[in-house]
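Visitor: Okay, here's the prediction I keep looking at, along with the sequence it came from:
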Amino acid sequence: MHEANVIEHGAQAATAGASPATPSGGSSDRPWLASYPSRVPAEIDVAALGTLVGLFESSMAAFADRPAMLCFGSTMTYATLGQQARDLAAWLRGQGLAKGDRVAIMLPNVPAYAVAIFGVLLAGGTVVNTNPLYTPRECAQQINDSGARILIVLENFGATVAAALPDVALERVVLVGPGDGLGLKGHVITLASRHVRKAVPPFRLPEGLAIPFATVLRRGRSMPRATVRVEPEDLAFLQYTGGTTGIAKAAMLSHRNIMANVEQSQLWFNSKDPSVPRCVVTALPLYHIFALTACFFQFMRSGGSCLLIPNPRDCDGMVKTLSRTRFTHLMGVNTLFNVLINHPKIGTVDFANLDFVVGGGTAVQRAVAERWKALTGNTIIEGYGLSETSPVVCVNPHGMRDFSGTIGYPLPSTEVSIRDVAGEPVPIGQPGEICVRGPQVMRGYWNRPEETARAMTADGFFRTGDVAILQADGQIRIVDRMKDMILVSGFNVYPNEVEDVLAAHPAVLECAVVGAPSEETGEMVVAHVVLKDPSVSPEALRAYARTQLTGYKVPRRVVFHETLPKTNVGKVLRRMLRDETPPA
């Protein structure tokens with residue numbers, strides 16, 4: 001799915017997250033309903049959604065003997081996950097954690113992450129998902145902004161925490177060992193192309209502040225069970241967003257927001273039947289909203305299992321894991337699909353059991369989608385969402401035969417309006433900003449009422465900052481991010497279109513297009529490219545682009561790289577490339 005301050009409970013809160021009691025305008029305003037699969041309802045019952053704690057209780061009772069987490073060849077059952085989550089919740093309450101208090105989780109995809117999420121929610125807390133690869137400055141900034149009292153972190157990153165401590169006011173730090181939840185001792189986890197072993201680099205935390213995860217669970221087992229009444233509108237997550245474009249801010253996601261998106265997605269994919277065993281490849285980090293909802297909660301609700309990939313950048317290890325495991329679903333981003341189809345041992349992986357593959361995070365390039373289908377026989381189902389929308393807004397239908405290049409249709413109970421800069425709806429077929437209203441839309445930005453106000457329209461739609469076209473059949477086609485648009489001599493150039501053309505060249509492994517200042521045209525198009533064939537020249541790529549693009553869209557400059565800068569999820573950081581590109 002593409003991505004891209006406590007507000008008062010009242011008019012503004014209703015604006016930022018509520019779905020209207022009566023859909024506005026019927027099918028004429030929502031042309032996508034005519035194309036809905038017959039089994040998918042137009043609306044969901046928001047009042048019956050419940051909470052993530054309710055999801056936990058029902059799933060742990062119904063699927064106790066099933067595998068919940070698979071990692072490094074080990075299995076954590078639902079029964080074990082349930083027991084450990086309850087132990088953690090009891091310990092947290094014993095530390096004085098009150099309902100609504102924040103707990104930061106700074107873990108890669110390991111079984112302890114599942115325990116931590118459910119443990120915090122059971123205790124009535126709010127999860128603050130934190131990237132474990134953050135620097136001490138970034139870590140301190142997020143902990144301070146959220147007001148997190150407790151941090152649960154992989155002990156390999158203890159040095160980061162130690163360096164951040166002078167600038168934060170944490171009460172306890174829970175250190176997770178790499179083998180916790182796996183039955184392994186001293187296991188090596190590779191993250192971001194570097195090996196991080198137990199307590200490497202060395203660090204020291206103040207006495208009484210740090211406690212091992214295993215000790216927390218052991219102590220919690222003898223404490224009173226957490227009995228906190230959690231309501232659907234209570235905050236479940238502070239989900240930080242905006243890291244690719246500026247200072248991160250936290251979207252306030254309630255239990256109802258996440259539960260609504262799980263319900264919408266399961267109805268869309270007809271995946272609520274718990275009798276069908278499911279295993280989803282979870283290579284995207286669980287601290288990212290796409291994996292959190294689409295891989296974790298969606299599959300936990302129906303008794304599925306998550307095949308955890310702690311480091312998808314270790315492509316050799318990931319391919320080896322996939323070749324040894326029977327999986328039925330895969331959620332990925334363009335970069336992940338591209339890396340897999342170009343891996344020399346991808347032929348060892350059996351894709352025969354795939355039910356569906358969903359692509360998101362950023363636009364899936366057509367050339368990548370076509371190569372993926374040729375390799376696996378499976379069509380990538382592209383969707384669209386954001387942290388602020390829990391995340392899914394639109395998605396293509398399950399069972400589609402060919403890659404559409406669109407983001408499909410809005411989910412049940414979701415309204416999408418394409419609007420101009422004045423906030424007025426544009427005609428069908430005209431580009432405008434995607435604005436969204438529905439039960440999955442956040443309550444607002446944490447401690448940022450002005451940002452919340454700027455993000456919402458007067459009639460309660462969230463402004464995404466993405467440009468798209470609503471087609472007559474109700475499908476939505478993304479054009480690009482508003483901030484990434486390039487203005488060449490008064491003409492709009494959208495990087496996605498140019499990237500799609502360049503990615504189809506047989507010598508191109510990956511590419512990204514940005515704008516750079518130009519005295520002649522105001523801005524110019526610059527292509528940053530990683531090659532498979534180093535003999536190809538910039539002029540050859542420009543000549544290729546000229547065969548498919550009008551003149552002003554053709555890159556004026558082509559810059560070759562060994563790799564492109566990316567977020568932890570695999571999104572290319574266009575902002576960094578813009579900063580590196582000198583003016584003409």
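Guide: Perfect, thanks for sending it.

Visitor: can you tell me which helix or strand the closest residue to residue 291 other than its chain neighbours belongs to?
Guide: Nearest residue to residue 291 in three dimensions, chain neighbours excluded: residue 284, at 3.9 Å (C-beta to C-beta, 6 or more residues apart in numbering). In short, each C-beta sits where N, CA and C put it, glycine included. Counting by DSSP states H and E, no helix or strand carries residue 284.

Visitor: So residue 284 is in contact with residue 332, correct?
Guide: Yes: look at residue 284 against residue 332 with C-beta atoms under 8 Å: they come within range, at 6.9 Å.

Visitor: Report the set of residues contacting both of these two.
Guide: Common contacts of residue 284 and residue 332 (C-beta atoms under 8 Å, 6 or more residues apart in numbering): none found.

Visitor: Now do the lengthiest helix in the chain: everything it contacts.
Guide: Looking across the chain with DSSP state H, the single longest helix is helix 78-94. The contact list for helix 78-94 (C-beta under 8 Å, 6+ apart) reads 56, 59-60, 63-69, 103, 111, 114-116, 118-120, 122-123, 125, 150, 181, 216-221, 223-226, 228, 303.

Visitor: Among those, which are located in helices?
Guide: 56, 59-60, 111, 114-116, 118-120, 122, 216-221.

Visitor: quick one: residue 562 and residue 530 touch, right?
Guide: Yes: using C-beta under 8 Å, residue 562 is in contact with residue 530, at 6.8 Å.

Visitor: Next, name the residue at the spatial heart of the protein.
Guide: Taking C-alpha atoms, centre = their mean, the centroid of the chain lies closest to residue 290, which sits 2.8 Å from it.

Visitor: thinking again about what came up before, of the ones in helices among the contacts of helix 78-94, select the buried ones using a PyMOL command.
Guide: Selecting just the buried residues from the ones in helices among the contacts of helix 78-94 in PyMOL takes one command, with 16 or more other C-beta atoms under 10 Å as the test:
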select buried, resi 56+59+60+111+114+115+116+118+119+120+122+216+217+220
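
Visitor: Quickly list what residue 74 is bridged to.
Guide: For residue 74, the beta-bridge partners are residue 71 (DSSP bridges).

Visitor: ok, it to residue 412 distance?
Guide: 37 Å (C-beta to C-beta, to the nearest Å).

Visitor: Of the two, which one has the most company?
Guide: The residue with more neighbours, out of residue 74 and residue 412, is residue 412; 20 against 16, by other C-beta atoms under 10 Å.

Visitor: For that one, what are phi and psi?
Guide: phi -50, psi 140 (degrees, to the nearest 10).

Visitor: list the contacts for it?
Guide: 40, 41, 42, 43, 44, 264, 267, 268 are the contacts of residue 412 under C-beta under 8 Å, 6+ apart.

Visitor: do that again at 10 Å, thanks
Guide: The contact partners of residue 412, taken as C-beta atoms under 10 Å, 6 or more residues apart in numbering, are 33, 36, 40-44, 260, 263-265, 267-268, 438-439.

Visitor: between the residues you listed, which is closest to residue 97?
Guide: residue 260 (26.1 Å; C-beta to C-beta).

Visitor: give me every residue that touches that closest one.
Guide: 17, 19, 44-46, 49, 232, 254, 389-390, 392, 411-414, 438-441.

Visitor: do that again at 6 Å, thanks
Guide: 49, 439, 440 (C-beta atoms under 6 Å, 6 or more residues apart in numbering).

Visitor: likewise residue 51?
Guide: 230, 232, 255.

Visitor: run the last query once more with 7 Å
Guide: By C-beta atoms under 7 Å, 6 or more residues apart in numbering, the contact set of residue 51 is 230, 232, 255, 259.

Visitor: Of the residues you listed - the most surrounded one?
Guide: For the contacts of residue 51, neighbours were counted using other C-beta under 10 Å, and residue 259 has the most, 27 neighbours in all.

Visitor: Surely that one is in a strand?
Guide: No: going by DSSP: H, G, I helix; E, B strand; the rest coil, the assignment for residue 259 is helix, not a strand.

Visitor: Quick check, pLDDT for residue 430.
Guide: Residue 430 carries a pLDDT value of 95.

Visitor: ok, it to residue 457 distance?
Guide: For residue 430, the distance to residue 457 equals 18 Å [C-beta to C-beta].

Visitor: The two: who's more crowded?
Guide: Counted by other C-beta under 10 Å, residue 430 and residue 457 do not tie: residue 457 has more neighbours, with 15 against 11.

Visitor: residues in contact with the more buried one?
Guide: Contacts for residue 457 (C-beta under 7 Å, 6+ apart) come out as 423, 435, 463.

Visitor: Let me see the contact set for the last one.
Guide: It stands for residue 463. Contacts of residue 463 (C-beta under 7 Å, 6+ apart): 433, 435, 455, 456, 457.

Visitor: picking that back up, quick one: the contacts of residue 260 as a markdown table, columns for distance to residue 278, pLDDT and neighbour count too.
Guide: Below are these laid out as a markdown table (distance: C-beta to C-beta, whole Å; pLDDT from 0 to 100; neighbours: other C-beta atoms under 10 Å):
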| residue | distance to residue 278 | pLDDT | neighbour count |
| --- | --- | --- | --- |
| 49 | 21 | 96 | 21 |
| 439 | 25 | 98 | 25 |
| 440 | 22 | 98 | 35 |
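
Visitor: if you average pLDDT over stretch 528-544, what comes out?
Guide: 96.

Visitor: so how far is it from its chain's centroid?
Guide: Averaging C-alpha positions (C-alpha atoms, centre = their mean, to the nearest Å) puts stretch 528-544 31 Å from its chain's average.

Visitor: ditto for stretch 358-366
Guide: With C-alpha atoms, centre = their mean, you get 12 Å for stretch 358-366.

Visitor: Then stretch 269-279?
Guide: With C-alpha atoms, centre = their mean as the basis, stretch 269-279 stands 21 Å off its chain's centre.

Visitor: Which residues does it contact?
Guide: Residues contacting stretch 269-279 (C-beta under 7 Å, 6+ apart): 39, 62, 266, 299, 302-305, 307, 326-329, 356, 398.

Visitor: of all the residues you listed, which two lie farthest apart?
Guide: Maximum distance among the contacts of stretch 269-279 (C-beta to C-beta): 27.6 Å, for 39 and 307.

Visitor: For those two, work out which one has more neighbours and name it.
Guide: In terms of neighbours (other C-beta under 10 Å), residue 307 is the more surrounded of residue 39 and residue 307; the figures are 23 against 9.

Visitor: Output the strand or helix carrying the more buried one as PDB - backbone C-alpha positions only.
Guide: Secondary structure assignment for residue 307, by DSSP H and E: strand 305-308. Extracted in PDB, the C-alpha atoms of strand 305-308 (Å, rounded to 0.1, in the frame of the first residue of the first chain):
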ATOM      1  CA  SER A 305       0.900 -17.600  11.600                       C
ATOM      2  CA  CYS A 306       3.600 -14.900  10.900                       C
ATOM      3  CA  LEU A 307       6.800 -16.100   9.300                       C
ATOM      4  CA  LEU A 308       9.100 -13.500  10.800                       C
END
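
Visitor: before we move on, back to that, state the distance from the residue nearest to the centre of the chain to residue 97.
Guide: 28 Å.

Visitor: Run a quick neighbour tally on residue 546.
Guide: 14.

Visitor: I'd assumed residue 111 was in contact with residue 286.
Guide: No: taking contacts as C-beta atoms under 7 Å, residue 286 lies outside contact range of residue 111: 10.6 Å.

Visitor: now stretch 249-269: how far from the chain's centre is it?
Guide: 12 Å.

Visitor: I'd like the average pLDDT over that stretch.
Guide: Mean pLDDT, stretch 249-269: 97.

Visitor: same thing with stretch 459-478?
Guide: 95.

Visitor: Past the helix or strand of the chain at the bottom of the mean pLDDT ranking, which element shows up next along the chain?
Guide: Counting by mean pLDDT, DSSP states H and E, the chain has its least confident helix or strand at strand 194-196, which shows a mean of 36. Following strand 194-196 in sequence order, the next helix or strand is strand 210-212 (DSSP H and E).

Visitor: if we look at that next one, which residues are touching it?
Guide: 172, 173, 174, 175, 177.
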